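Student: Below is the structure, and that's it, no one-letter string:
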């Protein structure tokens with residue numbers, strides 16, 4: 001079987017599994033789990049075979065014209081280089097783990113058949129984006145992922161949080177997709193083709209007429225899909241969906257699509273220095289802002305959501321300095337340990353007996369109750385913190401090293417300003433990442449909250465997956481040695497300067513956070529039970545509790561109460577209450593967009609009801625009045641009819657006489 005045939009089957013199998021699952025979900029429920037797991041697993045095996053055959057060498061290209069368009073042709077095309085081959089393996093691995101994990105996590109969910117089918121469709125769409133060699137075909141997968149995220153985030157549609165989150169995710173990403181679509185058409189117009197290879201050829205020859213405009217339009221879609229500032233606000237709220245969906249979205253699909261798109265078309269963005277600086281600024285603000293916000297969240301999944309936003313900022317930062325090898329390396333590394341973090345969080349949530357959310361302030365003694373989650377999450381958090389020799393150290397160091405090369409003028413792949421922006425923001429984010437990762441570990445596994453009821457041991461399908469993902473979280477970073485050819489020949493060996501700086505700052509973040517936790521724990525121990533208000537930070541905490549009421553998870557019958565031992569409150573100080581609500585960006589959007597739209601809708605409703613409807617009612621009233629007059633004349637009394645007939649006759653005779661006399 002040829003490599004092209006294998007590549008076609010990789011996205012096709014999950015699609016067929018999704019279709020079969022939707023058709024047989026109700027009539028043959030026994031086939032639902034095999035149809036969810038087996039096609040995705042097979043796609044993973046085929047993706048590995050495609051990667052082995054591609055070998056990081058010359059890209060595999062194949063195309064056939066779908067239909068003559070009369071202008072720019074649309075082709076069903078494949079373009080599989082080293083990046084595509086490796087990213088497809090990541091998508092297949094994470095999707096397979098999610099499907100296996102979900103058989104236990106959602107084993108009693110009545111909507112599991114539709115859920116599993118949508119996850120398969122989600123996987124198929126992302127694989128289509130990865131392998132596509134035509135921008136229109138890529139757009140199809142891009143938009144299918146958008147609608148899948150809408151349905152999956154809203155899986156628990158009975159809750160208002162899930163309904164609102166699904167609508168928000170759909171609308172915010174569509175806000176970016178509109179200029180993205182315009183940018184695609186503008187790019188194809190300049191290049192004369194939607195084929196990625198022809199587009200890149202046009203860029204290489206200097207054939208783009210509007211590089212800055214096209215790059216900025218495309219960046220709007222990337223910001224929405226990959227949750228970058230300022231279109232990142234949908235991702236934390238999307239945690240209202242099932243935890244396995246969060247793992248899939250954050251690790252291998254949806255948010256990875258925007259980064260992968262820029263990596264695939266990086267020369268288009270490099271054609272505009274202004275676009276590269278804008279990308280660098282976007283990455284820097286995203287990294288710093290998300291790190292601060294993560295440090296103030298109480299729900300474990302919202303912490304991980306802001307973490308994903310920040311790590312995607314590292315990837316876009318690598319792209320802003322013109323190094324797609326470092327960006328994809330971190331995308332792959334991050335995909336493994338972030339999937340592990342979410343699935344381990346799912347085990348914690350499952351043990352806590354809630355559907356989708358868990359407040360860290362309520363956790364206690366989880367080390368002994370969920371040992372698999374404890375050990376594997378520790379590995380993943382060390383990878384996230386970029387402590388050597390875990391995978392995150394090597395991939396994050398590749399980003400910082402690339403930024404340092406550009407900043408110091410050792411390469412001209414991007415403006416020097418972009419290098420300095422990404423380098424400084426990356427180092428600041430290294431401290432913040434270590435701080436919120438340490439805080440999460442301390443509150444989740446060494447917290448002194450109220451112990452939740454024990455809901456029994458987790459299914460084997462959930463715990464085995466954690467250990468499978470722990471292997472790449474620990475060891476994948478070493479791939480920088482044997483796999484340089486897969487990353488454009490980029491030497492990913494850690495650089496001494498940024499390695500020391502990055503690791504040193506991460507250790508500072510760990511130590512400071514641990515010290516703050518010890519201090520706040522000692523103070524909390526002196527507070528009598530029920531006397532939270534006596535704590536010096538209680539006022540700020542209660543303000544924050546009120547501010548984040550819409551995000552506070554239901555944890556049994558106990559209302560959300562700020563944890564007085566939370567080191568995040570001490571570290572952030574007055575900034576804590578603002579970071580807890582994402583620096584009020586949702587309120588800004590409400591003022592700029594939501595309220596004007598609502599005011600416009602109110603005006604339209606007034607005009608419709610009071611102006612348009614008035615004319616409509618008036619047009620109907622006149623015939624009604626005439627009909628009423630005629631109806632009153634029809635009394636049914638014979639004498640009245642005869643009298644009217646005689647009176648009419650007399651009137652006619654008199655009129656005739658008058659006319660005759662006048663004549």
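Tutor: Structure received. Quantities reported herein were computed from a predicted structural model and do not represent experimental measurements.
Student: Show the average pLDDT along stretch 210-218.
Tutor: In this model, stretch 210-218 has a mean pLDDT of 95.
Student: Can you give the contact residues for it?
Tutor: For stretch 210-218, contacts defined as Cβ atoms under 8 Å, 6 or more residues apart in numbering pick out 179-180, 182-184, 186-187, 190, 203, 208, 261-262, 265, 268-269, 271-272, 274-275, 278. C-beta here means a position set from N, CA and C on the backbone, and glycine is covered the same way.
Student: 10 Å instead, please
Tutor: Residues outside stretch 210-218 that contact it (Cβ atoms under 10 Å, 6 or more residues apart in numbering): 176, 178-191, 203, 208, 222, 258, 261-262, 265, 267-276, 278-279.
Student: Which entries within those residues meet the buried criterion?
Tutor: Applying 16 or more other Cβ atoms under 10 Å to the contacts of stretch 210-218, the neighbour count classes 176, 179-184, 186-188, 190-191, 203, 208, 222, 258, 261-262, 265, 267-272, 275-276, 278-279 as buried.
Student: Which of those fall within helices?
Tutor: Secondary structure defined by DSSP state H assigns 176, 179-184, 186-188, 190-191, 203, 222, 258, 261-262, 267-270, 275-276, 278-279 of these to helices.
Student: residues making contact with stretch 32-39?
Tutor: Residues outside stretch 32-39 that contact it (Cβ under 10 Å, 6+ apart): 9, 12-26, 28, 95-96, 98-100, 102-103, 107, 112-117, 119-120, 123-124, 461.
Student: What about those residues, which are in helices?
Tutor: 9, 12-24, 95-96, 98-100, 102-103, 112-117, 119-120, 123-124, 461.
Student: what residues are up against the spatially closest residue to residue 237 that is not a sequence neighbour?
Tutor: Leaving aside its sequence neighbours, residue 237 sits nearest to residue 165 (Cβ to Cβ, 6 or more residues apart in numbering; 4.2 Å). Neighbouring residues of residue 165 by Cβ under 10 Å, 6+ apart: 149-150, 153-154, 156, 159, 234-241.
Student: give me that answer again for 8 Å
Tutor: Counting by Cβ under 8 Å, 6+ apart, residue 165 has contacts 153, 154, 234, 237, 238, 239, 240, 241.
Student: Check residue 276 too.
Tutor: Counting by Cβ under 8 Å, 6+ apart, residue 276 touches 269, 270, 320, 321, 322, 414, 415, 418.
Student: at 7 Å what do you get?
Tutor: Counting by Cβ atoms under 7 Å, 6 or more residues apart in numbering, residue 276 makes contact with 269, 270, 320, 414, 415, 418.
Student: Can you tell me which of those residues is closest to residue 612?
Tutor: residue 269 (48.3 Å; Cβ to Cβ).
Student: what's the distance between that closest one and residue 76?
Tutor: Noted for residue 269: a distance of 26 Å to residue 76, by Cβ to Cβ, to the nearest Å.
Student: From what I see, residue 250 and residue 342 are in contact.
Tutor: Yes. At 6.2 Å, residue 250 and residue 342 qualify as touching, with contact defined as Cβ atoms under 7 Å.
Student: before we move on, the earlier item: out of the ones in helices among the contacts of stretch 32-39, which are buried?
Tutor: Buried members of the ones in helices among the contacts of stretch 32-39, counted by 16+ other Cβ under 10 Å: 9, 12-15, 17-18, 20-22, 24, 95-96, 98-100, 102-103, 112-117, 119-120, 123-124, 461.
Student: Excluding sequence neighbours, find me the nearest residue to residue 460.
Tutor: What sits nearest to residue 460 in space, not counting adjacent residues and going by Cβ to Cβ, 6+ apart, is residue 104, at 7.4 Å.
Student: ok, that neighbour to residue 123 distance?
Tutor: Distance of residue 104 to residue 123, given as Cβ to Cβ: 19 Å.
Student: With residue 596 instead?
Tutor: Going from residue 596 to residue 123 by Cβ to Cβ gives 38 Å.
Student: repeat for residue 241
Tutor: For residue 241, the distance to residue 123 - Cβ to Cβ - is 16 Å.
Student: What of residue 110?
Tutor: 23 Å.
Student: go on, residue 156?
Tutor: Using Cβ to Cβ, we find residue 156 at a distance of 21 Å from residue 123.
Student: Am I right that residue 103 is in contact with residue 461?
Tutor: Yes. Counting by Cβ under 7 Å, residue 103 does reach residue 461; the two are 5.3 Å apart.
Student: Which parts of the stretch 501-650 of the chain are helices?
Tutor: With DSSP state H, counting those that start in this stretch, the ranges of helices along the stretch 501-650 of the chain come out as 538-547, 567-572, 576-579, 585-589, 595-606, 613-633, 638-662.
Student: Could you single out the most deeply buried of those?
Tutor: Counting by mean count of other Cβ atoms under 10 Å, helix 567-572 has the highest mean neighbour count of the helices of the stretch 501-650 of the chain, with a mean of 23.
Student: got any ranges where the stretch 501-650 of the chain has weak pLDDT?
Tutor: Scanning the stretch 501-650 of the chain for pLDDT under 70 picks out 527-564.
Student: Please repeat the previous calculation with a cut-off of 50.
Tutor: For the stretch 501-650 of the chain, the stretches flagged by pLDDT under 50 are 529, 532-560.
Student: Check the stretch 301-450 of the chain too.
Tutor: 355-357.
Student: For it, which segments count as helices?
Tutor: Counting by DSSP H, counting those that start in this stretch, one finds helices in the stretch 301-450 of the chain at the ranges 324-352, 366-369, 371-385, 391-407, 416-446.
Student: Would you check how far apart residue 105 and residue 622 are?
Tutor: Taken as Cβ to Cβ, the span from residue 105 to residue 622 is 66 Å.
Student: any chance of the helices of the stretch 501-650 of the chain in JSON lines, plus distance to residue 522?
Tutor: Formatted as JSON lines, the helices of the stretch 501-650 of the chain follow (distance: least, Cβ to Cβ, whole Å):
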{"stretch": "helix 538-547", "distance to residue 522": "16"}
{"stretch": "helix 567-572", "distance to residue 522": "12"}
{"stretch": "helix 576-579", "distance to residue 522": "19"}
{"stretch": "helix 585-589", "distance to residue 522": "35"}
{"stretch": "helix 595-606", "distance to residue 522": "46"}
{"stretch": "helix 613-633", "distance to residue 522": "68"}
{"stretch": "helix 638-662", "distance to residue 522": "102"}
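Student: for those helices, which one sits closest to residue 408?
Tutor: Nearest of the helices of the stretch 501-650 of the chain to residue 408, taken as Cβ to Cβ: helix 567-572 at 31.6 Å.
Student: ok, and what's touching that closest one?
Tutor: Contacts with helix 567-572, where a contact means Cβ under 7 Å, 6+ apart, come from 292, 295-296, 435, 439, 513, 516-517, 519-520, 537, 540-541, 576, 579.
Student: do the same with stretch 435-442
Tutor: Under the contact criterion Cβ under 7 Å, 6+ apart, stretch 435-442 has outside partners 291, 294-295, 300, 303, 307, 360, 378, 381, 384-385, 509-510, 512-514, 517, 567-568, 571.
Student: Report the buried members of those residues.
Tutor: Buried by 16+ other Cβ under 10 Å: 291, 294-295, 300, 303, 307, 360, 381, 384-385, 509-510, 512-514, 517, 567-568, 571, out of those.
Student: Contacts for stretch 403-410 next, please.
Tutor: 317, 321-322, 411, 413-414, 416, 418-420, 422-423, 426, 495, 497-498.
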